[in-house]
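K.L.:
What shape does this take:
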Amino acid sequence: MASEDPEVGDVETARAGIPVRPRNDPRQYDDLADEWWRPDGVFAMLHWLAQARAQLVPTATRAGAVLVDMGCGAGLLAPHVAGHGYRHVGVDLTRSALAQAAGHGVVPVNGDATALPLRDRCADVVAAGELLEHVPDWRAAVAEACRVLRPGGTLVLDTLNDTAISRLVAVTVAERVRGVPRGIHDPRLFVNARALVAECARHGVALRLRGIRPAVPGLLRWLAHQSANGAGAAVGRSAEAGGTSTARSGDDDGGGVIGRVGRGWGTARIVPTRSTAVLYQGRGVKNG
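P.N.:
This next block holds a predicted model:
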């Protein structure tokens with residue numbers, strides 16, 4: 001369910017041929033369907049975050065283990081967990097994204113994060129990456145994630161905090177960057193970190209959080225690329241088949257590497273930060 005906001009959209013978006021949508025309207029992902037597998041495109045940060053999230057996923061310890069990827073999009077997590085031993089089940093509302101996810105080894109399931117069409121305790125791992133800040137009832141999504149998680153299973157997630165600085169960075173500033181989709185987030189849906197920990201605890205998952213951010217050098221390279229190429233240049237190209245690259249090591253910013261992904265201008269790392277005030281990552285195990 002999308003949140004209405006008549007102010008979303010601008011001349012740049014209209015000129016690129018992208019319809020003006022209400023904030024957080026799921027149809028935006030159909031509009032941008034060709035962008036998913038371009039690691040230097042408008043969804044570049046989703047590639048970076050998928051690699052970082054994958055590093056929280058443990059290797060499967062039993063045959064037939066299942067990873068449920070809530071809000072899987074086009075399956076950006078898939079290449080990074082392919083060797084972990086799971087049957088990767090992706091749930092999403094957007095059928096155009098699911099079709100692409102299926103091409104990357106994900107078992108596609110069309111469904112709502114607040115009412116997963118999956119049985120209780122079917123998952124060894126549940127991943128909810130960049131999802132909760134898009135769900136009108138994030139508590140219902142958390143309840144569903146915990147419901148389908150087996151005792152001893154692992155929940156991993158990342159989302160945006162419900163703070164003034166998060167709204168400033170993720171909406172006010174980010175949406176002025178060329179190539180960043182306008183209206184992709186509704187700041188009214190951002191998720192308070194303490195409330196999320198408490199909600200997970202109610203459902204038997206002891207969630208531990210840490211702040212994360214893109215490493216500055218890689219982020220600056222991507223921003224320079226976006227500025228040089230213009231907003232419209234990144235929108236409307238054909239998707240690159242198999243366009244995601246493998247993770248690489250590197251040390252262009254200190255503080256400990258969580259993940260690095262992409263190639264060329266899309267290369268960046270996600271690193272830990274002391275503050276969870278903007279973007280944060282969580283991992284927890286369900287009580288058995």
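K.L.:
From residue 135, how far out is residue 277?
P.N.:
Remark: distance between residue 277 and residue 135 (C-beta to C-beta, to the nearest Å) = 21 Å. (Each C-beta comes from the backbone N, C-alpha and C, glycine too.)
K.L.:
How about residue 28?
P.N.:
To residue 135, residue 28 is 15 Å away according to C-beta to C-beta.
K.L.:
show me where this structure has helices.
P.N.:
11-15, 27-31, 44-54, 78-81, 95-102, 138-148, 164-167, 193-202, 216-229, 231-234 (DSSP state H).
K.L.:
Single out the most deeply packed of those helices.
P.N.:
Neighbour counts (mean count of other C-beta atoms under 10 Å) averaged over each of the helices of the chain peak at helix 44-54, with a mean of 26.
K.L.:
Packing partners of that one?
P.N.:
Applying 3 or more C-beta pairs under 8 Å, 6 or more residues apart in numbering; DSSP states H and E, one finds that helix 44-54 contacts helix 78-81, strand 123-129, strand 149-160, strand 205-214, strand 259-261, strand 268-273.
K.L.:
follow-up on the earlier one: go through the helices of the chain and name the closest to residue 21.
P.N.:
Among the helices of the chain, the nearest to residue 21 by C-beta to C-beta is helix 27-31 (5.3 Å).
K.L.:
can you list the residues that contact that closest one?
P.N.:
Residues outside helix 27-31 that contact it (C-beta atoms under 8 Å, 6 or more residues apart in numbering): 2, 18-19, 21, 73, 94, 96-97, 181, 183-184.
K.L.:
more neighbours, residue 277 and residue 135?
P.N.:
With neighbours defined as other C-beta atoms under 10 Å, residue 277 and residue 135 compare such that residue 135 has more, 23 against 17.
K.L.:
Tell me the one of the contacts of helix 27-31 nearest residue 49?
P.N.:
residue 73 (11.0 Å).
K.L.:
sorry, back to before: which members of the contacts of helix 27-31 are the farthest-apart pair?
P.N.:
Counting by C-beta to C-beta, the most remote pair of these is 19 and 73, 19.2 Å apart.
K.L.:
Give me the more crowded residue out of those two.
P.N.:
residue 73 (23 against 12).
K.L.:
which ones are touching the closest residue in space to the more buried one that isn't next to it in sequence?
P.N.:
Nearest-residue entry for residue 73: residue 97, 4.8 Å, with adjacent residues in sequence omitted and distances by C-beta to C-beta, 6 or more residues apart in numbering. Counting by C-beta under 8 Å, 6+ apart, residue 97 touches 29, 33, 36, 72-75.
K.L.:
Make JSON lines out of the residues you listed and add pLDDT.
P.N.:
JSON lines is the format used below for the contacts of residue 97 (pLDDT from 0 to 100):
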{"residue": "29", "pLDDT": "96"}
{"residue": "33", "pLDDT": "96"}
{"residue": "36", "pLDDT": "96"}
{"residue": "72", "pLDDT": "98"}
{"residue": "73", "pLDDT": "98"}
{"residue": "74", "pLDDT": "98"}
{"residue": "75", "pLDDT": "98"}
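K.L.:
I'd like those as TSV, with distance to residue 147 appended.
P.N.:
Formatted as TSV, the contacts of residue 97 follow (distance: C-beta to C-beta, whole Å):
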residue	distance to residue 147
29	25
33	30
36	28
72	18
73	22
74	25
75	23
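K.L.:
The residues you listed: which two are farthest apart?
P.N.:
Within those, 33 and 72 form the most distant pair, 14.2 Å apart (C-beta to C-beta).
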